[in-house]
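Student: Sharing a model that was predicted from the sequence below.
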Amino acid sequence: MSIRQPRLRGPIFTDPTNDIYKRETQEDAYFLEILDSLKGSPEGMIAKRSRNVLKAFLLPRTDNRRGIFFQRDKPLASEVLTNYLLQTREPPWTSYFVKYADVVNDQRGMSHFNWSVANSNYHVLRTGCFPYIKYHCTRRPRQDLSTDDKFFKAIKILNLGIPTLMYGLAATFLIRHREIVKTPRGDITIYFLLPEDKGSLY
C-alpha cells in the first residue's frame, strides 16, 4: 500500500469554516483509519510507529504550538514583509533575514520585484540562503523589474545555490540584532547583521 506524504498547509487549510479545510481534514482522518486497520499485519508495525507522527502533520491544530518540523498557522513571508515596513513607518531602505521555519514561503521564486506598502513602493531583492530568507528593500518608484528578476534567477541556477547557502550559514554567526514583527498570525523574529537607523538614507 502506498502512503502519501504529509501536506504542509497554508492559511486556507487552517480555517475551520473553509470547505477545503473540511474536505482535507476528512481525508486525513480517513487515512489514519486505514493505518489503524493495518494493526496485526506486517505493515502494522509501521502504522503503529507512524500514527502519532502523521497526526502531527495531517490533523489540524488550534493551539498554535509547534509541530515536529513546522508551525501549523505560520504567517506568510509577504505578511511579515508588509507588516515590518508598516511597523517601521516605510523606511528608505532595510535589509533583514527571516527563518524559513517561521513563515510560509509564498514568495518562492521571486528574486527582484516591486512591493507596494501604503504610500510607498519598494524594489525588493529576495534570495533564499538556508536557514534564512534574505530581503533587501529600497524605496523607489515602480519599474519593470522582470528582466532583472530573470537574470538573478539564472545566476542562482547556474551556481546551484552554493554561494547563497554559504551566505546563510555565515549569517548564523554574523547576525547581531533582532526585531519583532507583529502579524495577525503572531509575532515573528527577524534578524539583522547590524542594527539599522530606520530614517537613514544609507
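Tutor: Thanks, I have it.
Student: Which neighbouring elements make contact with the longest strand along the chain?
Tutor: Of all the segments of type strand in the chain, defined by DSSP state E, the longest one is strand 120-129. In terms of contacts (3 or more C-beta pairs under 8 Å, 6 or more residues apart in numbering; DSSP states H and E), strand 120-129 is packed against helix 77-87, strand 112-117, strand 132-139, helix 146-158, helix 162-174. Heads up, the C-betas are built off the backbone N, CA and C, glycines and all.
Student: The same query, at a cut-off of 10 Å, please.
Tutor: Strand 120-129 sits against helix 77-87, strand 93-99, strand 112-117, strand 132-139, helix 146-158, helix 162-174, with contacts defined as 3 or more C-beta pairs under 10 Å, 6 or more residues apart in numbering; DSSP states H and E.
Student: Mind listing the strands it pairs with, and their directions?
Tutor: The pairing partners recorded for strand 120-129 under DSSP bridges are strand 112-117 (antiparallel), strand 132-139 (antiparallel).
Student: so what's Tyr191 up against?
Tutor: Residues near Tyr191 by C-beta atoms under 10 Å, 6 or more residues apart in numbering: 96-99, 132, 134, 171-172, 174-179.
Student: pLDDT weak spots in the protein?
Tutor: Counting by pLDDT under 70, the chain contains low-confidence residues at 1-72, 202.
Student: repeat that for 90
Tutor: Along the chain, segments meeting pLDDT under 90 span 1-73, 119, 159-161, 195-202.
Student: hmm, back to that, return the most buried member of the strands paired with strand 120-129.
Tutor: strand 132-139 (a mean of 20; mean count of other C-beta atoms under 10 Å).
Student: nearest to Ser146, of the contacts of Tyr191?
Tutor: The nearest member of the contacts of Tyr191 to Ser146, counting by C-beta to C-beta, is Lys134 at 20.7 Å.
Student: who does that closest one bridge with?
Tutor: Phe97, Thr127.
Student: For Pro141, see how far away it is.
Tutor: For Lys134, the distance to Pro141 equals 23 Å [C-beta to C-beta, to the nearest Å].
Student: try His112
Tutor: The gap separating His112 from Pro141 is 15 Å, by C-beta to C-beta.
Student: How about Lys99?
Tutor: Going from Lys99 to Pro141 by C-beta to C-beta gives 31 Å.
Student: Neighbour count: these two, which is higher?
Tutor: Each of Lys99 and Pro141 has its neighbours counted (other C-beta atoms under 10 Å); Lys99 has more, 14 against 8.
Student: Look at Thr127 and say how many residues are nearby.
Tutor: Thr127: 21 surrounding residues under other C-beta under 10 Å.
Student: got the contact list for it?
Tutor: 110-112, 133-136, 152-153, 155-156, 161, 163-164, 167-168.
Student: Good, wrapping up.
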